[in-house]
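Undergrad: prediction below, plus the sequence it came from.
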Amino acid sequence: MKKEKKQQKKRKREEKHSDDGNSSGSDSDQPPASASKAAKKLNKAQVKGKKKLMKLTKAMTAAASPAEKAKLQRKLDKQLAKLAGAQSSSDDDDGEAPAAAAPLPTVRTPLSAPRPRAPVSVGASAVLANTPEERARRQDRLARFQSTPEAPRDATTLQQLRTRDSSAVGTSAALEKEYLRLTAAPNAATIRPPEVLAASLKLVKQRWKENPNDYKYACEQLKAIRQDLTVQHVHDALTVEVYETHARIALEMEDYAEYNQCQTKLKVLYAEGLRGREEEF
């Protein structure tokens with residue numbers, strides 16, 4: 001009886017050992033759980049790294065300054081090294097690369113990126129230029145410029161007079177004169193001397209007091225007086241009075257373009273030592 005019991009126990013132990021061997025053999029064919037977790041972790045890190053690489057590449061394309069491009073390039077290199085290091089460490093831990101691991105993307109650094117254009121700011125001068133009054137004035141100037149009469153070929157210019165003599169003074173006696181832009185050397189017969197310009201300024205002031213709404217006439221006459229003073233290089237008290245008068249009238253009519261021109265010229269005249277109403281301008 002004892003021998004039979006010993007033999008039964010022995011058979012049971014042998015059967016148990018054989019079952020354990022079979023189960024261990026079947027388990028050895030399957031990869032361990034730690035290896036599958038590492039592969040999933042690596043794949044997740046690579047997907048996240050690829051998204052970051054694409055984001056950095058777009059940022060480099062839109063970068064305007066070289067310093068910003070260099071900074072993004074350093075971040076891009078760092079991210080590539082990080083992904084490469086994560087893949088190599090996983091290979092060392094598992095003994096072989098996981099089958100699901102994908103190669104790192106090739107990132108090309110853009111050689112040059114278009115610079116964004118700065119927004120165009122609309123200032124007060126641009127708003128003033130779009131007013132109906134300003135457009136009408138410009139059309140009137142264009143018409144006068146196109147209809148400028150040519151000076152006779154035998155006419156004596158101020159430059160020729162200045163060559164003959166140290167001074168060059170016009171000979172016209174007209175109190176009123178249409179303002180035209182000069183397209184050639186000024187003709188002495190159409191330029192008024194300072195004493196005539198003083199009388200012309202007095203006439204403009206009188207007409208402005210009688211009719212303060214006729215700004216077109218006053219502005220045209222004052223600009224013609226200024227032009228005659230300029231071509232004759234006259235810098236004296238009369239010049240200061242002309243520019244101060246035009247500045248006051250332009251400011252009253254809110255013609256800031258003409259006012260700024262007069263104010264700029266007055267600063268130059270005051271700097272030369274000429275006296276006027278400096279506290280006003």
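TA: Sure thing, it's come through.

Undergrad: low-confidence ranges, the stretch 101-250 of the chain, go.
TA: The model of the stretch 101-250 of the chain has pLDDT under 70 over residues 101-130, 141, 144-167.

Undergrad: try it again at 50.
TA: Filtered on pLDDT under 50, the stretch 101-250 of the chain yields the residue ranges 101, 109-110, 112-113, 119-126, 148, 151, 163-166.

Undergrad: show me the helices in it, by range?
TA: Taking DSSP state H, counting those that start in this stretch to define them, one finds helices in the stretch 101-250 of the chain at 124-129, 132-146, 158-164, 194-210, 215-231, 237-252.

Undergrad: could you check the pLDDT of E252?
TA: On the pLDDT scale, E252 is placed at 93.

Undergrad: quick revisit: next, format the helices of the stretch 101-250 of the chain as TSV and append mean neighbour count and distance to A184.
TA: C-beta here means a position set from N, CA and C on the backbone, and glycine is covered the same way. Listed next are the helices of the stretch 101-250 of the chain as TSV, based on neighbours: other CB atoms under 10 Å; distance: least, CB to CB, whole Å:
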stretch	mean neighbour count	distance to A184
helix 124-129	11	28
helix 132-146	11	13
helix 158-164	14	10
helix 194-210	16	21
helix 215-231	19	12
helix 237-252	19	24
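
Undergrad: now render those as JSON lines, adding distance to K71.
TA: Formatted as JSON lines, the helices of the stretch 101-250 of the chain follow (distance: least, CB to CB, whole Å):
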{"stretch": "helix 124-129", "distance to K71": "37"}
{"stretch": "helix 132-146", "distance to K71": "47"}
{"stretch": "helix 158-164", "distance to K71": "61"}
{"stretch": "helix 194-210", "distance to K71": "64"}
{"stretch": "helix 215-231", "distance to K71": "55"}
{"stretch": "helix 237-252", "distance to K71": "52"}
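
Undergrad: and of those, who's closest to A271?
TA: With CB to CB, the closest approach to A271 among the helices of the stretch 101-250 of the chain belongs to helix 237-252: 11.8 Å.

Undergrad: what packs against the closest one?
TA: Judged by 3 or more CB pairs under 8 Å, 6 or more residues apart in numbering; DSSP states H and E, the packing partners of helix 237-252 are helix 194-210, helix 215-231, helix 256-271.

Undergrad: looking at those helices, which is closest to K78?
TA: Closest of those to K78 is helix 256-271, at 54.9 Å (criterion: CB to CB).
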